[in-house]
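Enquirer: Have a look; sequence and predicted model below, questions after that.
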Protein chains: 2
Amino acid sequence: MKKGVFYLIPNYLGENTLFKFDNSFKNKINEINNFIFENEKKGRAFIKKICPLKKQSLIEASLLNKFTDRRNLKKLIEPCFSGIDMALISDSGCPCIADPGADLVMFCHQYNIEVKPLVGPSSILLALMASGLNGQNFEFNGYLPIKNPEKKNSIKAIEKKSINTTQIFMETPYRNNQMIKDLIINLKKDTILCVATNLSLKTEFINTETVQNWKKKNYDFNKKPSIFLIQSKS
Amino acid sequence: MKKGVFYLIPNYLGENTLFKFDNSFKNKINEINNFIFENEKKGRAFIKKICPLKKQSLIEASLLNKFTDRRNLKKLIEPCFSGIDMALISDSGCPCIADPGADLVMFCHQYNIEVKPLVGPSSILLALMASGLNGQNFEFNGYLPIKNPEKKNSIKAIEKKSINTTQIFMETPYRNNQMIKDLIINLKKDTILCVATNLSLKTEFINTETVQNWKKKNYDFNKKPSIFLIQSKS
């Protein structure tokens, strides 16, 4: 029996987005009824936004997040074994990138279930494009440690690597301003820091400056989803 | 005077793509007349595909590629200083990511010209999403060295890093099969290798296996644009 395809479906990066998915993307979501969400409410809201006419009662929803018992992963993709197409939808941005899903996709490969990633917004990629920093070599670090001295050590370590490889990381939005303070204190004056906020939204803001210039700047990124990028000169 | 916005516009990843840009993307390209291309013929062909009714005679084309004299970068964005919106279009995928543009974007930041990245396909990101490998920490290495012993040493070095950080790289398409051979020879048996080919196209193929399994496999990625990803277990 032909197995179902496992689609990886990106979500918008927030409200008031300037980016719109095309009709072929909408048609694909309309065709699928078996979804895996990070959060059911958010996943259903996304489908409603994309396909307002689709009956929510048709949707078979499963969950994949940090609370999911990893012993049940295979069960999540069971419909694919019966030839049914499924989709994993992220709460925001691309599934499996700084978001759950990779272990489930690995299962699909092990069982020869075809995996199809669809194109959509990724704050990491948009930030790198627009940063002006080296896009030939780059590393994404997820979140840095929250407390010192680990945080300070981590900033110093990634600054060293950023001479050759642009270093990218995130922070929990309510800690953004503290993160910038820590970066200003711990990075060299001529290291370049880009902060990219609310990407693909109407309120998008992308600023690249030396640490020295950030020091003189007024900023407030509190509670605004942001990506941080650094590149050191020496 | 209000400066023009500098848009970063992704291109399709090849012919026979399943991905389609939305109308709002098309309208944006229709509004702009000042373009910077990596290759004028390819850039104009893309605009023709996206906006078939747009008069090509309206297009002011400049070039940015490896032959561009970096002393002329500022001149390229001159129209922005006069309030005119401009766009950089890649030959394939996203500008500035494994493609030219970062130094020009850095100029825009220095002169307070707003940079706006648009959403589109990136083979690197699609490959990572669909690989099943760790998407919380990853590094893109561009191209590995062509000749041994540098190539072999580089493969060994990235395998070591890939325990914690998924390692991603590219190869010139006609050398893909040789690259897989080199990976099979130099990587550990239980290291996981993903090869993702013709992403977002009808001929897309994504395969994730241990090196041991790749050894037994028939494959031919000759001249097919591919992304390589590895993750070592120990």
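Expert: Sure thing, it's come through.
Enquirer: Helices along chain A, start to end?
Expert: Taking DSSP state H, the helices of chain A run over residues A:23-31, A:40-50, A:73-76, A:78-81, A:102-110, A:123-131, A:150-161, A:176-186, A:211-215.
Enquirer: Domain map for chain A?
Expert: Annotated domains of chain A cover A:6-117, A:123-231 [automatic domain parsing].
Enquirer: now the last one, how far from the chain's geometric center?
Expert: Here domain A:123-231 is found 15 Å from its chain centre; the criterion is C-alpha atoms, centre = their mean, to the nearest Å.
Enquirer: again, but for the longest one
Expert: Between the centre of domain A:6-117 and the centre of its chain there are 14 Å (C-alpha atoms, centre = their mean).
Enquirer: Between its first and last residues, how far does it reach?
Expert: End-to-end distance for domain A:6-117, by C-alpha to C-alpha, to the nearest Å: 8 Å.
Enquirer: Report pLDDT for residue A:234.
Expert: Looking at residue A:234, its pLDDT is 83.
Enquirer: Now do the contacts for it.
Expert: A:163, A:188, A:190 (C-beta atoms under 8 Å, 6 or more residues apart in numbering or on different chains). Every C-beta, even on glycine, is put in place using the N, C-alpha and C of the backbone.
Enquirer: Only the buried residues of the worst-scoring helix or strand of chain A on mean pLDDT, if you could.
Expert: When the helices and strands of chain A are compared on mean pLDDT, DSSP states H and E, helix A:73-76 comes out lowest with a mean of 93. Using 16 or more other C-beta atoms under 10 Å in any protein chain shown as the test for burial, helix A:73-76 gives residue A:76.
Enquirer: same check, this time on stretch A:139-154
Expert: Of all the residues in stretch A:139-154, those buried under the rule 16+ other C-beta under 10 Å are A:139, A:140, A:141, A:144, A:151, A:154.
Enquirer: near chain B, from the residues you listed?
Expert: Contacts with chain B are made by A:139, A:140, A:141 out of the buried residues of stretch A:139-154, judged by C-beta under 8 Å from any C-beta of the partner chain.
Enquirer: how about the nearest residue to residue A:137, chain neighbours excluded?
Expert: If the residues on either side of it in the chain are set aside, residue A:137 comes closest to residue A:165, at 4.4 Å by C-beta to C-beta, 6 or more residues apart in numbering or on different chains.
Enquirer: and the one you found, how many neighbours does it have?
Expert: Residues lying near residue A:165 (other C-beta atoms under 10 Å in any protein chain shown) number 19.
Enquirer: I'd like the distance between it and residue A:135.
Expert: With the distance defined as C-beta to C-beta, to the nearest Å, residue A:165 ends up 11 Å from residue A:135.
Enquirer: ok, now residue A:185?
Expert: The separation that residue A:185 has from residue A:135, given C-beta to C-beta, amounts to 27 Å.
Enquirer: Could you check which of the two is surrounded by more residues?
Expert: More neighbours surround residue A:135 than the other of residue A:185 and residue A:135, with 24 against 11 (other C-beta under 10 Å).
Enquirer: residues contacting that one?
Expert: Going by C-beta under 8 Å, 6+ apart, residue A:135 touches A:128, A:129, A:166, B:96, B:97, B:98, B:99, B:101, B:102.
Enquirer: What is the neighbour count of the second one?
Expert: Just to be clear, that refers to residue A:129. Count around residue A:129 with other C-beta under 10 Å applied: 34.
Enquirer: Count the residues that sit near the closest residue to it other than its chain neighbours.
Expert: Sequence neighbours aside, residue B:117 is the residue nearest to residue A:129 in space, at 4.1 Å (criterion: C-beta to C-beta, 6+ apart). Residue B:117 is flanked by 29 other residues according to other C-beta under 10 Å.
Enquirer: and residue B:117, what does it touch?
Expert: Neighbouring residues of residue B:117 by C-beta under 8 Å, 6+ apart: A:126, A:129, A:130, A:199, A:206, B:7, B:8, B:94, B:95.
Enquirer: So for the second one, what pLDDT did the model give?
Expert: Spelled out, it's residue A:129. According to the model, residue A:129 carries a pLDDT of 98.
Enquirer: Test my guess that it contacts residue B:9.
Expert: No - using C-beta atoms under 8 Å, residue A:129 is not in contact with residue B:9; the gap is 10.0 Å.
Enquirer: which neighbours do the two share?
Expert: Residues touching both residue A:129 and residue B:9 (C-beta under 8 Å, 6+ apart): residue B:95.
Enquirer: near chain B, anything from stretch A:3-12?
Expert: Yes - part of stretch A:3-12 sits near chain B under the criterion C-beta under 8 Å from any C-beta, namely residue A:8.
Enquirer: ok so, going back, for residue B:72, which of the helices of chain A is the nearest?
Expert: Among the helices of chain A, helix A:123-131 comes nearest to residue B:72, with 21.9 Å by C-beta to C-beta.
Enquirer: Distance check, residue A:114 against chain B.
Expert: According to C-beta to the nearest C-beta, to the nearest Å, residue A:114 and chain B sit 8 Å apart.
Enquirer: Report the spatially nearest residue to that residue, omitting neighbours in sequence.
Expert: Nearest residue to residue A:114 in three dimensions, chain neighbours excluded: residue A:5, at 4.8 Å (C-beta to C-beta, 6+ apart).
Enquirer: And for residue A:79?
Expert: Spatially, and ignoring its direct neighbours in sequence, residue A:79 is nearest to residue A:34 (4.7 Å; C-beta to C-beta, 6+ apart).
Enquirer: That neighbour: what's it in contact with?
Expert: By C-beta under 8 Å, 6+ apart, the residues touching residue A:34 are A:4, A:60, A:62, A:79, A:84, A:85, A:86, A:87.
Enquirer: can you redo those residues as a markdown table with pLDDT and neighbour count?
Expert: Output for the contacts of residue A:34, formatted as a markdown table (pLDDT from 0 to 100; neighbours: other C-beta atoms under 10 Å in any protein chain shown):
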| residue | pLDDT | neighbour count |
| --- | --- | --- |
| A:4 | 98 | 21 |
| A:60 | 96 | 12 |
| A:62 | 96 | 19 |
| A:79 | 97 | 18 |
| A:84 | 98 | 16 |
| A:85 | 98 | 18 |
| A:86 | 98 | 23 |
| A:87 | 98 | 23 |
